[in-house]
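[1] Following is a predicted model, sequence given first.
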Amino acid sequence: MVLDNNSVSYFIYKGNPMGYEYELLQRLAKHLKVALKIKVISSIDEAFTLLNTGKTDIVAFPLSITKDRKQYFSFTDPHYTTTQVLVQNKQKNKLVETPFELVGQEVYVKKGSSFKTRLQNLSEEIGEEILIKEDTVDGETESLIQDVAEGRIKFTVADQTIAVVNSWYYQNLDISMPVSLPQHIGWALRKNSPGLLKATNSWLKGIKSNSIYQVIYNKYFNSPRFSIITNSSDYSSLSGNKLSPYDDKIKEGAKILEWDWRLLASVIYQESNFDPNIKSWAGAIGLMQVMPETGDYFGISNIEEPDQNIKAGVRFLKFLDNEWAKTVSDSTERVKFVLASYNVGLSHILDARNLANKYGRSPVKWNDNVEYMLSQKSNPKYYRDKVVAAGYCRCYGPIVYVKEVLNRFEEYKIHIE
C-alpha cells in the first residue's frame, strides 16, 4: 500500500503508528489474510506510477474520484464525501469570499492533485485567469497549509476534511470558501485487479456498517483536541523526531548492542508502551519488563528506575546476542532469535532450534524454520522429544512478538531518523 504523508493518513505518536488510512489498511490486510507492506510518498504522480507498474497494489491516498482518473484506474467505493476549499490567512489579508476575487492571484496546489484541475475549471467558469502554482514533486498539501498559516504564501486549496483538521492547529486560517461541489474520496487500484477491488469493496461495506468505522473516522476528522495534541507533541512524527522521553538512553543502549536505536525502541514499546511504571502479572517491571532476578544477575539493583531498567534490559539482550552469535552468524537472522529469547526465554528457543535440526529445517534461519518448530512445542510429539529440555510451550506469543517488533521497527524507519 502507498500512503500519503499527512496528519490524518499515517504518522507515529508516542511510538504508536496511527492514522485513518493506516488503521483501515491494517484491518483490510487482516481481513484478506495478507501481510501489509507500507510505502510513504508525497507525490501523487509517483504513487500512480508505482500502482500501474505493479510495485504497489493500492494507493491509499484520500483521492478525489474524478472522471479523468477513472479512465486510468479503478476506485474503491467512496469512503466519505468532502469539498475542496480555499485556505487563506484571515489575519494577513482581506478575506476572499468569491471565486472572482481570485482573478490574477497566485494559488499554490500540490503537484498532480485534482486541485489544479478544479482551479483550471474555475478559471473557465468565471472567464478570467487564476494563477495556479504547482508545488514541487515531493510537496505536501499540509506543508502548503502551513505556508499559508505562517504568511509565506496567500492561498492554497485542500480537501475540507484535511483543512478542518489543520485549522484546529493553525487558528489563523479561514477555510470557509468552497471551490468545488462535494466530491467522493476513495482509494485507487489497477484496472487489472478486479478481484482485489471486489474484496476491498466488500470489506469496506462491512466495516462501514459497523460502529468501528465511525470511531476511526471521528478520531481523525472530528476530534480537535486529539489533532492538536498529535500535531504539536514532541513525540509525534508530525512535529518532531522523538519516540519517547527515553530516546537518549535508548540510543546509548543501542550502541552497546550494535543495533539501530529504533529497533531497541520498538522492543521497549512492545514491552511497555514506554510506560516506566507498568508491572506484569508475572512480576516483570518497567520499560523493558525486567524480572527482579534478571536485574540482580546483571548487577542492576533498582530496575524501577527507567535508566537502570533500560540498562538491565540491554545487558540481557547483549547476553542473548552473544549466546546466539555462537551458532547464528547472520546478524539479521540473529536478531529474531534474540527477540524471541527475550520474550519467552532462551531454553525454549534452543529447543526449537534442536527440533529444526532434527526434522530437516534450518537451525540458523528463523522464518518457517526455527519459528515453525517453536509453534509445534504445544504438540506432545515435539515437546516430549528427547532433544527438548524445557518441555511444553504454547509459543504463539514469541512468534507474534518477533513479527510485531520488526514490523514496528520498519514503520519507525519511515518516520524517525
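    Received, thanks.

[2] what's the nearest residue to residue 36 if we skip its chain neighbours?
    Nearest non-adjacent residue to residue 36, counting by Cβ to Cβ, 6 or more residues apart in numbering: residue 29, 3.8 Å away. Where you see a C-beta, it was placed from the backbone N, CA and C, and this is true even at glycine.

[3] And residue 310, by the same measure?
    residue 249 (5.0 Å).

[4] show me what contacts that neighbour?
    For residue 249, the contacting residues are 306-307, 310-311, by Cβ atoms under 8 Å, 6 or more residues apart in numbering.

[5] Just name the closest of those to residue 266, please.
    Compare each of these with residue 266 using Cβ to Cβ and the shortest gap goes to residue 310, at 13.7 Å.

[6] related to what we said a few turns ago, could you say which helix or strand holds the residue nearest to residue 310?
    Per DSSP states H and E: residue 249 is located in helix 247-257.

[7] My understanding was that the residue nearest to residue 36 contacts residue 23; is that so?
    No. With contact defined as Cβ atoms under 8 Å, residue 29 does not count as touching residue 23 (11.2 Å).

[8] between the two, who's got more neighbours?
    Applying other Cβ atoms under 10 Å to residue 29 and residue 23 shows that residue 23 carries more neighbours, namely 19 against 15.

[9] wait, is that one part of a strand?
    No. Residue state for residue 23 (DSSP: H, G, I helix; E, B strand; the rest coil) corresponds to helix; a strand is not indicated.

[10] Please report how far it lies from residue 213.
    10 Å (Cβ to Cβ, to the nearest Å).

[11] and what of residue 408?
    Remark: distance between residue 408 and residue 213 (Cβ to Cβ) = 24 Å.

[12] And the helices in the stretch 101-250 of the chain?
    Remark: helices assigned in the stretch 101-250 of the chain by DSSP state H, counting those that start in this stretch are 114-126, 141-149, 160-169, 194-208, 211-221, 224-232, 247-257.

[13] With mean pLDDT and distance to residue 94 as added columns, please give those in a markdown table.
    Output for the helices of the stretch 101-250 of the chain, formatted as a markdown table (pLDDT from 0 to 100; distance: least, Cβ to Cβ, whole Å):
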| stretch | mean pLDDT | distance to residue 94 |
| --- | --- | --- |
| helix 114-126 | 95 | 19 |
| helix 141-149 | 92 | 15 |
| helix 160-169 | 94 | 19 |
| helix 194-208 | 97 | 42 |
| helix 211-221 | 93 | 30 |
| helix 224-232 | 84 | 27 |
| helix 247-257 | 98 | 45 |
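
[14] mind checking which helix or strand of the protein has the lowest mean pLDDT?
    Ranked by mean pLDDT, DSSP states H and E, the helix or strand of the chain with the weakest confidence is helix 224-232, at a mean of 84.

[15] That one vs helix 211-221, what angle?
    Taking axes from the mean of the first three to the mean of the last three Cα atoms, to 10 degrees, helix 224-232 and helix 211-221 form an angle of 60 degrees between their directions.

[16] on that earlier part again, what helix or strand is the residue nearest to residue 36 on?
    Taking DSSP H and E as the definition, residue 29 sits inside helix 20-32.

[17] Can you spell out which helices and strands pack onto that helix?
    Packing partners of helix 20-32 (3 or more Cβ pairs under 8 Å, 6 or more residues apart in numbering; DSSP states H and E): strand 2-3, strand 58-64, helix 194-208, helix 211-221.

[18] Repeat the analysis, applying 6 Å as the threshold.
    Helices and strands touching helix 20-32, by 3 or more Cβ pairs under 6 Å, 6 or more residues apart in numbering; DSSP states H and E: there are none.

[19] Whichever helix or strand comes after it - which strands sit beside it in the sheet, and in what orientation?
    Counting by DSSP H and E, the element after helix 20-32 in chain order, helix or strand, is strand 39-40. Here strand 39-40 is paired, per DSSP bridges, with strand 2-3 (parallel).

[20] If you count neighbours, what's buried in the helix or strand following the partner strand?
    Downstream of strand 2-3, the next assigned helix or strand under DSSP H and E is strand 11-13. The neighbour-count criterion (16 or more other Cβ atoms under 10 Å) identifies 11-13 as the buried residues of strand 11-13.

[21] repeat for stretch 395-414
    Along stretch 395-414, these residues count as buried under the neighbour rule (16+ other Cβ under 10 Å): 395, 398-399, 401-402, 405-409, 411-412, 414.

[22] just stretch 3-23 next, same as before
    Within stretch 3-23, the residues that count as buried by 16+ other Cβ under 10 Å are 3-15, 17-23.

[23] Can you show me the CA trace of it as PDB?
    C-alpha atoms of stretch 3-23 as PDB (Å, rounded to 0.1, in the frame of the first residue of the first chain):
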ATOM      1  CA  LEU A   3       0.200   6.100   1.900                       C
ATOM      2  CA  ASP A   4       0.300   9.900   1.800                       C
ATOM      3  CA  ASN A   5       2.400  11.800   4.400                       C
ATOM      4  CA  ASN A   6       0.000  13.900   6.400                       C
ATOM      5  CA  SER A   7      -1.500  14.300   9.900                       C
ATOM      6  CA  VAL A   8      -4.600  12.200   9.000                       C
ATOM      7  CA  SER A   9      -3.300   9.300   6.900                       C
ATOM      8  CA  TYR A  10      -0.300   7.900   8.800                       C
ATOM      9  CA  PHE A  11       2.100   9.000  11.500                       C
ATOM     10  CA  ILE A  12       3.800   7.900  14.700                       C
ATOM     11  CA  TYR A  13       2.600   9.200  18.000                       C
ATOM     12  CA  LYS A  14       4.400   8.200  21.200                       C
ATOM     13  CA  GLY A  15       5.800   5.200  19.400                       C
ATOM     14  CA  ASN A  16       2.500   4.000  18.100                       C
ATOM     15  CA  PRO A  17       1.700   4.000  14.400                       C
ATOM     16  CA  MET A  18      -1.600   5.800  13.800                       C
ATOM     17  CA  GLY A  19      -3.700   7.300  11.000                       C
ATOM     18  CA  TYR A  20      -7.100   7.000   9.400                       C
ATOM     19  CA  GLU A  21      -5.800   5.200   6.300                       C
ATOM     20  CA  TYR A  22      -3.300   3.200   8.400                       C
ATOM     21  CA  GLU A  23      -5.900   1.800  10.800                       C
END
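
[24] begin at 277 from here
    Done: numbering now begins at 277, and the last item shifts to stretch 279-299.

[25] Can you tell me the closest non-neighbouring residue to residue 550?
    Closest to residue 550 by Cβ to Cβ, 6+ apart is residue 520, at 4.2 Å.

[26] Now do that neighbour, the pLDDT please.
    According to the prediction, residue 520 has pLDDT 96.
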